[in-house]
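**Student:** quick one, what's the 3D model for this:
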Amino acid sequence: MELRQLRYFVAVADELHFGRAAALLHMTQPPLTVAVRKLEDELGVTLFERTTRSVSLTAAGRMFRQRVGSVLDDLDGAVSDLGDVAAGKAGRLRIGFVSSASYSVLPRGLQAFQLLRPRIQLEPQSLTSAEQVTLLLEGELDVGILRDPLAVPGLRATLLEGEDLVAVLSAGDPLAAEAVVAPGSFHEKAVVLFPFELMPGFVSAVMSWLGGVQAVPRIVQSVVHQETVLGLVAAGVGASILPASVARFHMPGVVVRPLLGSPRTELYAVEGQRSHPSASLLIESLRDSD
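**Tutor:** Prediction:
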């Protein structure tokens, strides 16, 4: 049985006239008649009652028309959906993001993208920069939103935004009374920071502001999410250095102060070698959301 035969059968079943069905199929009547007869032989049933004056469906033919119609409709829909997925109009988009992106480009960017591509299912997940690089290289992530990423062959990075780094302090910390925090203020202070192996670019930017290898801070906790950092700072475990957008998250007991020299951090959207068809539209939405 061939798909072509099923389409021939449906045309005759709908028209109940071999001549008109043949015209709709852009073919002559004799091969259409032969094809339908061959289908009946293969199925072992009579689908049409034929007389010199009329053509009608048998009971088996009526049941077969109903079932075959559903199959062909599903097939046509699948072909259409396949084209939409290939064009980036449907399907899914796997997005990684560092937690700090939740306070800047992510919410409005995803909302704007979803308005443009409502049939794409977004699958965002909070991941560190290093975790995203691994998944991007393995093809398990379509777009990553990374903080100060290091250059990696095979990945393409687009700048989304830059912002200042700030000191994040508990309300009772003496540095909270300072208008601007200098690097030397952190040299003997307990610090909560991201692990270098998971956020190498960001930690390097922090270390550079502190003064490099001669001024390594006393790291008392290494955590991977910005919200956890804020909680530990509020509890008085230590101070931290985070992107300025953290001030949008109002954590009781935490104050934010600018850093001397206004050191910067940058947020990038990163794609792998096999770019998702809608990746560029997502990145544009993220850039426009700031």
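
**Student:** residues in contact with the host helix or strand of Pro258?
**Tutor:** Element membership of Pro258, judged by DSSP states H and E, is strand 254-258. For strand 254-258, the external contacting residues (Cβ atoms under 8 Å, 6 or more residues apart in numbering) are 164, 166-171, 173, 175-176, 178-181, 230, 233-234, 244, 246-247. Where C-beta positions appear, they are placed from N, C-alpha and C, glycine not excepted.

**Student:** what do you get if the cut-off is 6 Å, keeping everything else the same?
**Tutor:** For strand 254-258, contacts defined as Cβ atoms under 6 Å, 6 or more residues apart in numbering pick out Val166, Ala167, Val168, Leu169, Ala171, Ala176, Val180, Val181, Leu230, Val233, Ala234, Ala247.

**Student:** tell me the strands beside that strand, with direction?
**Tutor:** Under the criterion DSSP bridges, strand 254-258 sits next to strand 156-170 (antiparallel) in its sheet.

**Student:** export the helix or strand following the partner strand as PDB, just CAs?
**Tutor:** Using DSSP H and E, the next helix or strand after strand 156-170 towards the C-terminus is strand 190-193. Provided in PDB are the C-alpha atoms of strand 190-193 (Å, rounded to 0.1, in the frame of the first residue of the first chain):
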ATOM      1  CA  ALA A 190      36.000  37.100  54.800                       C
ATOM      2  CA  VAL A 191      34.600  36.800  51.300                       C
ATOM      3  CA  VAL A 192      31.800  34.800  49.700                       C
ATOM      4  CA  LEU A 193      32.600  34.100  46.100                       C
END
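
**Student:** flag the shaky bits of the stretch 1-150 of the chain, pLDDT-wise.
**Tutor:** By pLDDT under 70, the weakly predicted segments of the stretch 1-150 of the chain are 1, 77-90.

**Student:** all helices of it, in order?
**Tutor:** Secondary structure of the stretch 1-150 of the chain (DSSP state H, counting those that start in this stretch): helices at 3-15, 18-24, 29-43, 59-86, 106-116, 129-137.

**Student:** for the ones you listed, which one ends up most surrounded?
**Tutor:** With neighbours taken as mean count of other Cβ atoms under 10 Å, the helices of the stretch 1-150 of the chain reach their highest mean count in helix 129-137, at a mean of 21.

**Student:** which helices and strands does that helix pack with?
**Tutor:** Where contact means 3 or more Cβ pairs under 6 Å, 6 or more residues apart in numbering; DSSP states H and E, helix 129-137 is packed against strand 143-147.

**Student:** quick one: strands adjacent to the strand it packs on?
**Tutor:** Sheet pairing for strand 143-147, assigned by DSSP bridges, gives strand 91-97 (parallel), strand 264-271 (antiparallel).

**Student:** list the buried ones in the last one?
**Tutor:** Right, the one you point to is strand 264-271. For strand 264-271, a neighbour-count test (16 or more other Cβ atoms under 10 Å) marks Thr265, Glu266, Leu267, Tyr268, Ala269, Val270, Glu271 as buried.

**Student:** surely the fourth one and Leu146 touch.
**Tutor:** Okay, so that is Tyr268. Yes. Using Cβ atoms under 6 Å, Tyr268 makes contact with Leu146 at a distance of 5.3 Å.

**Student:** can I get the contacts of strand 254-258 in a markdown table including pLDDT and neighbour count?
**Tutor:** Formatted as a markdown table, the contacts of strand 254-258 follow (pLDDT from 0 to 100; neighbours: other Cβ atoms under 10 Å):
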| residue | pLDDT | neighbour count |
| --- | --- | --- |
| Val166 | 97 | 23 |
| Ala167 | 96 | 25 |
| Val168 | 96 | 26 |
| Leu169 | 96 | 26 |
| Ala171 | 94 | 12 |
| Ala176 | 93 | 16 |
| Val180 | 96 | 12 |
| Val181 | 95 | 22 |
| Leu230 | 94 | 22 |
| Val233 | 95 | 27 |
| Ala234 | 95 | 17 |
| Ala247 | 88 | 15 |
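
**Student:** fine, thanks again, bye for now.
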